[in-house]
Structures are given as C-alpha cells and as structure tokens.
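K.L.:
any chance you can model this:
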Amino acid sequence: MMRENKYPILEFDDVKVAKLNPAVFADELFTSDKLVITFFPEVIEKLIAEEDIVPERRIGGENPVFIYRFVDTDVLITLGAVGCPACGGNLDLFHAMGIRKVMFCGGGGVLDKNIEVGQILVVDGAIRDEGFSYHYIEPSRYIYTDKEVTGRIIQYFEQNDISYIRGITWTTDAMFRETPERIARRKEEGAKIVEMEQAGCIAVSQFRGFAYGALIYGGDDVSQEEWSNRGWRSRQGIRYDLVMLCKKLVEVI
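P.N.:
Numbers count the residues shown, from 1 in each chain. Next up, the predicted model:
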C-alpha cells in the first residue's frame, strides 16, 4: 500500500511486485551466487589480460553490462555503474539472476582530511541524500548495513591484521552540488566519505534479502576550502589489492 505524502519521493509503496520486475530479464541464472562490484576499470583490464577472469555473461541493452568469473574460485566480478539508479538497478537484476552475496569496492571523497588516500572504510550505513533508495525502503535519514555481514568483514580484518576505519557514508546524486554548508552538515552527522551508490545498494539488499558489504577507500578531499584530487585514481596497487580483498570477503560474508 502506498502512503500519500506532499512530496512524491516520500510516498513509499511497500508492495513487492511492480509492473516490471527484474525476473523478466533473468532468463538464465549465473554459475555463482557471489559477486564483486568494483569501480576500478584498470583492475578489470589487468585481470582480463592476465587471464585471471573469463567472461560469464553479457547483459544486453543500450548500456551492456559485462560479468566475468574468476578462474580459480567461485566468484564473479563486474564493473559498477555510477549512481544509485544504475548501480542499484543492476544489483536488483543480478539478484534475480542468482546473486546472494555481494562485496562492493570503490573510492569516495573524504570529509575528514585525516583520512589518508587508500585508507579503507568498512561501510556501516549511509545518509540517504538521493532518490533511488526511497523506492525500496521507507523514508529515513539513515540506512544501515546488516550487522552480521559487517561483523564478518570486521572479523576478517582483525584476524588478518588489515588496517581499516568504519562508519557511514553520505550518498548523493549530485556531485556538483556538494556545497560547503552541506559538506559541513554531513560531516557533523558522522559521514566520513561522500559517494553515489551506497544508500541505494544497501536498500536493494534489504528489500530483496541478500548479503551485502562495502569497502570504500579514501580518495579526493572535499573537506578543505579547496578541492584536492590527491591523485587517488592513480593508486593502482591499492585498487588492485582492494578488489582481491573483496574476492576473499565475498566468500565469508
């Protein structure tokens, strides 16, 4: 039933079945139920070149999606699409095609200058400053990852002596509207990193009922008076290692 509201985005409808559902496009299941979503195209290219992954599926359409499978383990990997509607929408489709465990790895803008480039944030949740998640989970200011799943990630980090921080992100649709006052407010609310997908992906995982975890590494700096790139896209070693870490984590969440 849809609850009416003055603002359309807040008119949440809890009916599970829509007019168009992901199952319509899920004509064949994947060969694995475990998936890594990464935003590092150069890592995908390296894995292809070294024959560490092979094609699993091409999902057609105006913007085709390519899924690959690691040759040495039962894990799939794909390049994520930017923004909640694209990334979260694809995630809903992946679930319909058999995915039950997902690890996300990407980069985001730090809201605290003390977060170093490459420092890993284990995502506990997100501030929902976007629109997509409101179609999956009723309105709230925050959305949180599953505590058991996040606990398994933390346990793995501790057992393997991997440095990390944990906390919430700020998910926004509008990267060019991260104004100084808005940044300050989100930082006060506890957000450590700003990005564009987490609220939506967490919402899909809750709505559909599957395991989802996310690691975001500190990238550009939006916390200072002047924006700083900090050369975060050139940290190829960090990015490759993060994908390999998620490959292991998706087996244990």
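K.L.:
so what pLDDT did residue 71 get?
P.N.:
At residue 71, the pLDDT value in this model is 98.
K.L.:
residue 166 is in what secondary structure piece?
P.N.:
With elements taken from DSSP states H and E, the one containing residue 166 is strand 165-172.
K.L.:
C-terminal to that strand, what's the next element?
P.N.:
With elements assigned by DSSP H and E, the helix or strand that comes after strand 165-172 is helix 180-188.
K.L.:
which positions within that following helix qualify as buried?
P.N.:
For helix 180-188, the neighbour count (16 or more other Cβ atoms under 10 Å) marks 183, 186, 187 as buried. All C-beta spots, glycine's among them, are computed from the backbone N, C-alpha and C.
K.L.:
any chance of a markdown table for the residues you listed, columns distance to residue 54 and pLDDT?
P.N.:
Below are the buried residues of helix 180-188 laid out as a markdown table (distance: Cβ to Cβ, whole Å; pLDDT from 0 to 100):
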| residue | distance to residue 54 | pLDDT |
| --- | --- | --- |
| 183 | 42 | 92 |
| 186 | 41 | 96 |
| 187 | 43 | 93 |
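K.L.:
does anything pack onto the strand or helix carrying residue 87? Which helices or strands?
P.N.:
Per DSSP H and E: residue 87 is located in helix 84-96. With contacts defined as 3 or more Cβ pairs under 8 Å, 6 or more residues apart in numbering; DSSP states H and E, helix 84-96 has these neighbours: strand 34-38, helix 198-208.
K.L.:
before we move on, the earlier item: got the angle for the strand holding residue 166 vs helix 180-188?
P.N.:
150 degrees (axes from the mean of the first three to the mean of the last three Cα atoms, to 10 degrees).
K.L.:
thinking again about what came up before, got the helices and strands packed on helix 84-96 as CSV, with mean neighbour count and mean pLDDT columns?
P.N.:
Shown next, in CSV, are the helices and strands packed on helix 84-96 (neighbours: other Cβ atoms under 10 Å; pLDDT from 0 to 100):
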stretch, mean neighbour count, mean pLDDT
strand 34-38, 25, 98
helix 198-208, 26, 98
